[in-house]
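Chemist: Sequence first, then the predicted structure:
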Amino acid sequence: MLTAAAGLILVYAAGRLFYRSNIAAAVLSPLLIILIRYAGRLKGEKRRQRLTAQFRDGALSVSAAMTSGYSVENAFRAAAEEMRLLYGEDGIITKEFRVICRKIELNETAEDAVRDLAFRSGCREIQQFADVFAAAKRSSGQIAPVLKDTADWISRRIAVQEEIRTLIAAKRLEQRIMCVMPAGILVYINLGDPGFTDPLYMTAAGRIVMTVCLTVYAAAFCLGERIMRTEV
C-alpha cells in the first residue's frame, strides 16, 4: 500500500520533474491526499476480493453443517471453527463468522447478523447471499440447498472475475509501462541535455505547457485505471 512517505516522494518528484521547483512541489502537495485515498481504495478492493472468496467457503460450510442436521445457529458456529482451521485465527472470514456467532449469542437473528456483514463488507455477492438467506428463513423452506446454490453462484462469479483478470494482466502491465515512459523520457532528456528543456521551465508559456502535460498525464492514468477495472 502507498504510504504517506512514498506519496510525498512522488508529489515532490512530480514538482521537480515538471517545474524544477520546490515551490511547485509544495503547491502539488494536496495531490498526496488523492494518492493516499486511491491506495486505500485499492487495498479495500483487494480485501473485498479476499473476503468474497473466503465467504464462499464459509457459506458452503454452513450449508454442509445444516445438511448434517445442525440448526442455523449451530451451523454458523461449526463453520466459524472450520474457517479458523482453514484460514487461521487472523483470517478475515474467521473474524467475521465469530462476529456473527457473538451476535447470535446476544439473541440477534442469524439473518440480521449476515445482513450486517453484507452491509459492512460492501461485497455485492455477500449482500445477495444475505437477501437469499433472509428470504429462505422467512419462507421456512429448505435452507441448506438454497445456501449451496448461492455459494455455487458466488464461485462462478469469482471464477469469471479471475479469468478476466488473467486475460487483462498483460494489458495492465502495458498500461503501467506506458504511464512510466513519458516521465522516463523527460528525466532522460533533462539528464542528457538540461539546456534543451530550459524554455519549458524558464518561461511562462513553458510552465503552462508543462501544466497541461501534467494534467493530461494524470487524466490518462486515471482513465487507464478505470478501463482496467472489471465488474461482473
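Modeler: That came through fine. Predicted, not measured: the structure shown is a model, and the values here were computed from it. Numbers count the residues shown, from 1 in each chain.

Chemist: just checking, what packs against the lengthiest helix in the chain?
Modeler: Assignment by DSSP state H gives helix 31-67 as the longest helix of the chain. For helix 31-67, the packing partners by 3 or more CB pairs under 8 Å, 6 or more residues apart in numbering; DSSP states H and E come out as helix 4-19, helix 72-87, helix 92-105, helix 110-121, helix 124-139, helix 143-167. Any C-beta I mention is one placed from the backbone N, CA and C, and that applies to glycine too.

Chemist: repeat that with 10 Å
Modeler: With contacts taken as 3 or more CB pairs under 10 Å, 6 or more residues apart in numbering; DSSP states H and E, helix 31-67 sits against helix 4-19, helix 72-87, helix 92-105, helix 110-121, helix 124-139, helix 143-167, helix 204-228.

Chemist: just for this structure, where's the confidence low?
Modeler: Filtered on pLDDT under 70, the chain yields the residue ranges 1-4, 140-141, 230-232.

Chemist: Phe196 is nearest to which of the helices and strands packed on helix 31-67?
Modeler: Smallest distance to Phe196 across these (CB to CB): 12.0 Å, for helix 204-228.

Chemist: How far away from the center of its chain is the closest one?
Modeler: Put simply, helix 204-228 sits 24 Å off its chain's centre (CA atoms, centre = their mean, to the nearest Å).

Chemist: Not counting its own residues, what contacts it?
Modeler: Helix 204-228 is contacted by residues 14-15, 17-21, 24, 28, 31, 34, 38, 42, 165, 168-169, 171-172, 174-176, 178-179, 182-183, 186, 197-201, 203 when judged by CB atoms under 10 Å, 6 or more residues apart in numbering.

Chemist: in it, what counts as buried?
Modeler: For helix 204-228, a neighbour-count test (16 or more other CB atoms under 10 Å) marks 207, 210, 214, 217, 224 as buried.

Chemist: got it, and stretch 138-151?
Modeler: Neighbour counts over stretch 138-151 (16+ other CB under 10 Å) mark 143-144, 146-148, 150-151 as buried.
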